[in-house]
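S.K.: I would like the atomic coordinates for the input below:
(one chain, ligands or ions: 1)
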Amino acid sequence: MKITLLTIGKTDNTELQSLMDDYTKRLGYYISFEMEVIPDVKNAKNLSEALQKQAEGEEILKRTTMADVLVLLDEKGKTFTSEGFSQFLQKKMNSGLKNLIFVIGGPYGFSDAVYSRANGKVSLSSMTFSHQMVRLFFIEQLYRGFTILRNEPYHHR
Ligand SMILES: C[S@@+](CC[C@H](N)C(=O)[O-])C[C@H]1O[C@@H](n2cnc3c(N)ncnc32)[C@H](O)[C@@H]1O
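M.R.: Residues are numbered from 1 along each chain as shown. Predicted structure coming up:
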């Protein structure tokens, strides 16, 4: 199984990027993982929130096929413990799925079209994080999930 994390817009914070690179490298020992950055929508300043979400949504949907499982990172989604999330990952791997795609929305979240296509929603907290911060938190949780599945001493119950 390959896991892709789709995000909108590059991170211009080098410290955040360096932490993400570190967890991405570590994750690579366990699973094929890629973070794909969708370029910021051009002229976003001149667009309404709805139009910006629609444009971002089209870019997200372009990058998925119906065979992929698409899971949105969304504060109103399902919450997991880290152990529960590791079981979620294990089940997806056992199911023979080829592509598991997680998506982080832009500054205004997701368009209705993306919500309609999604197979599920996962929340990291009921608080809202910036779309930049949430990438780091999520990649760390993915890494944690795999260390739990391998019984490695990263996660302390
Ligand atoms: C600034 S937030 C957008 C908030 C927007 N009000 C909404 O309704 O989604 C940008 C993105 O970060 C992600 N995000 C923020 N907080 C999150 C959380 N607690 N759990 C999961 N994803 C979160 C979501 O993908 C969201 O689309």
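
S.K.: Going by C-alpha atoms from here, please, whenever you check contacts or count neighbours.
M.R.: Noted.

S.K.: Would you mind listing what in this structure touches the ligand?
M.R.: Listed as neighbours of the ligand in the chain under the rule Cα under 6 Å from any ligand atom: 73-75, 104-110, 123-131, 134.

S.K.: filter the residues you listed to the buried ones?
M.R.: Those of the residues of the chain next to the ligand that meet the buried threshold are 73-75, 104-106, 109-110, 123-124, 131, 134, by 16 or more other Cα atoms under 10 Å.

S.K.: what sits up against stretch 54-73?
M.R.: By Cα atoms under 8 Å, 6 or more residues apart in numbering, the list of residues contacting stretch 54-73 from outside reads 6, 8, 38, 41, 97-106, 110-111, 113-115, 117-124.

S.K.: which of those residues are buried?
M.R.: By 16+ other Cα under 10 Å, those give 6, 8, 38, 41, 99-106, 110-111, 114-115, 118, 120-124 as buried.

S.K.: Out of those, which sit inside strands?
M.R.: Using DSSP state E, 6, 8, 38, 99-104, 120-123 are the members of the buried ones among the contacts of stretch 54-73 that sit in strands.

S.K.: where exactly do the helices run in the chain?
M.R.: Ranges of helices in the chain, per DSSP state H, are 14-27, 49-62, 82-94, 112-117, 133-149.

S.K.: So which elements touch the longest one?
M.R.: If I follow you right, that is helix 133-149. helix 14-27, helix 82-94 (3 or more Cα pairs under 8 Å, 6 or more residues apart in numbering; DSSP states H and E).
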